[in-house]
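> here is a sequence with its predicted model. Questions after.
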Amino acid sequence: MLVNREVILFKIESSYNTDPTPSASTDAVLVMNPSWSNAGLRMNERSNVKASIGKDQSIYGGTLKQVTFDVELKGSGAAGTAPECGQLLRACGLDETIVASTSVTYAPVSTGHESGYMYYYQDGVLHKLGGCRGNVAVSLEVGAPGKLSFTITGHASAVTDASMVTPTYDSTVPVPAIGASFAVGGYAAVIAALNFDMSNTVATPPDMNASDGFSQVYITARDVNGSFDPEMVLVATNDFLGDLAAGSTMALATGTIGSTAGERWAISMPAIYARDIAPGDRDGVRTLAYTFGATESSGDDEVSIAFT
C-alpha cells in the first residue's frame, strides 16, 4: 500500500453520527500530511493475583479515532460559494455565513455546533468516522500559501477493504501571503509570519449505552490565541512592549490577500491582547516574538475568516 494514495471525503451530518454518504465528486478535500490515531483508547489492565507472576490479557473497552491533516487556505474560485475546506471549518465550531455572489465568512459560535462524517481512504482500505468535531489552526508565512491544520475526532466504524475513489477537487490555486495590509492596533507592522489556533477543547465523555463507550464528541470551550513577529521599532512609533503591561486590546487584520474575486481571503480579530513578548532576530534585524490571545468584542467574534 502506498503512502501517497490517500483521499479524504467530508460532509456535514443532518443528524449526529448518521452517515450522509460523502460524495467523491462534491465532498473531497485536498489534504497534506494525513494521519490517524486512536483517541481515548481504553485497554483495561487486569491485576489478578495467581500462582504465576505473568500478566493477564488486557481488555479492550472502546476507542474513538482522530485524524490530522493540513489543507491549503484558498477560496472556491467563485465569490459567494463556500470553499473546499468549508465543511471542515463548520465541524470545528465555526458558523458559515454566505452572501450570494459576494462572500463566505466563518466565525465562532458557542451553541449548535455542527458535526461531520469522514471517509478516509488509504490505498485499499477505508476508515469511516462519524459525529466528527475538532480543532483548526492557521499558519501564514510570507510568500507561501496559507495553511489550515485540522485535528478531527469521531466515532470509528470497522476498517474495511474498499477500492480507491476518484475525487473531484476544487481547481482553484491558492494565493501566497504577499501584498497584504497587515495591521495591529492600526499600526502597519512588518511581519514574516502570523499563526493562530482556535484551541477548541474537544470533550469525549463516556456513555455506557454506546457501542464504543463514548457519548457525543463535544466542543466545550475555545481559547483563540496566536503569534506574529513584528520588526522592533521605537516606542514613539509603536509601543509593542507597553501593550503587555497596559493590557491593551486592539484590532488585528491581514487585509485582503489576493486580487481575483473568489480567490481572495482575509482574517480579522477585533480584540487581541499581548500574552508574552520576547526578543527575536530576522536576518540581523531586531524583531519581537509577540504572543497574543484573542477575546470577544461583542460575543462569538474573536476571529473571522472571510472569502470574497
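The structure has been received and is ready for your questions.

> quick one, strands of the stretch 201-308 of the chain?
With DSSP state E, counting those that start in this stretch applied, the stretch 201-308 of the chain shows strands at 201-203, 218-221, 225-228, 250-253, 265-282, 285-294, 304-307, listed in chain order.

> can you redo those as a markdown table with mean neighbour count?
Quick note: C-beta positions are derived from backbone N, CA and C, even for glycine. Conversion of those to a markdown table gives the following (neighbours: other CB atoms under 10 Å):
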| stretch | mean neighbour count |
| --- | --- |
| strand 201-203 | 15 |
| strand 218-221 | 15 |
| strand 225-228 | 21 |
| strand 250-253 | 18 |
| strand 265-282 | 17 |
| strand 285-294 | 18 |
| strand 304-307 | 21 |
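
> may I see those arranged in a markdown table, with distance to Ser149 and mean pLDDT as well?
What follows is these, written out as a markdown table (distance: least, CB to CB, whole Å; pLDDT from 0 to 100):
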| stretch | distance to Ser149 | mean pLDDT |
| --- | --- | --- |
| strand 201-203 | 14 | 98 |
| strand 218-221 | 17 | 98 |
| strand 225-228 | 12 | 98 |
| strand 250-253 | 20 | 98 |
| strand 265-282 | 15 | 98 |
| strand 285-294 | 17 | 98 |
| strand 304-307 | 14 | 98 |
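
> quickly find the element holding Leu89.
With elements delineated by DSSP states H and E, Leu89 resides in helix 86-90, which encompasses its position.

> starting at the chain centroid, how far to that helix?
In terms of CA atoms, centre = their mean, to the nearest Å, the centre of helix 86-90 is found 9 Å from the chain centre.

> show me what that helix is in contact with.
10-12, 27, 29, 71, 96, 104, 106, 114, 116, 134, 136, 148, 150, 152, 305 (CB atoms under 8 Å, 6 or more residues apart in numbering).

> just the ones of those residues in strands?
Counting by DSSP state E, the members of the contacts of helix 86-90 that fall within strands are 10-12, 29, 71, 96, 104, 106, 116, 134, 136, 148, 150, 152, 305.

> in a markdown table: the strands of the stretch 201-308 of the chain, plus distance to Lys128.
Formatted as a markdown table, the entries for the strands of the stretch 201-308 of the chain read as follows, by distance: least, CB to CB, whole Å:
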| stretch | distance to Lys128 |
| --- | --- |
| strand 201-203 | 19 |
| strand 218-221 | 20 |
| strand 225-228 | 33 |
| strand 250-253 | 39 |
| strand 265-282 | 31 |
| strand 285-294 | 34 |
| strand 304-307 | 28 |
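
> tell me which of those sits nearest to Ser23.
Judged by CB to CB, the one of those that comes nearest to Ser23 is strand 304-307, at 21.9 Å.

> partners of the closest one, with directions?
Sheet pairing of strand 304-307 (DSSP bridges) gives strand 103-108 (antiparallel), strand 265-282 (antiparallel).

> in CSV: these, plus distance to Arg222.
CSV is the format used below for the strands paired with strand 304-307 (distance: least, CB to CB, whole Å):
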stretch, distance to Arg222
strand 103-108, 6
strand 265-282, 13
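
> now do the end-to-end distance for stretch 92-107.
In terms of CA to CA, to the nearest Å, the two terminal residues of stretch 92-107 are separated by 10 Å.
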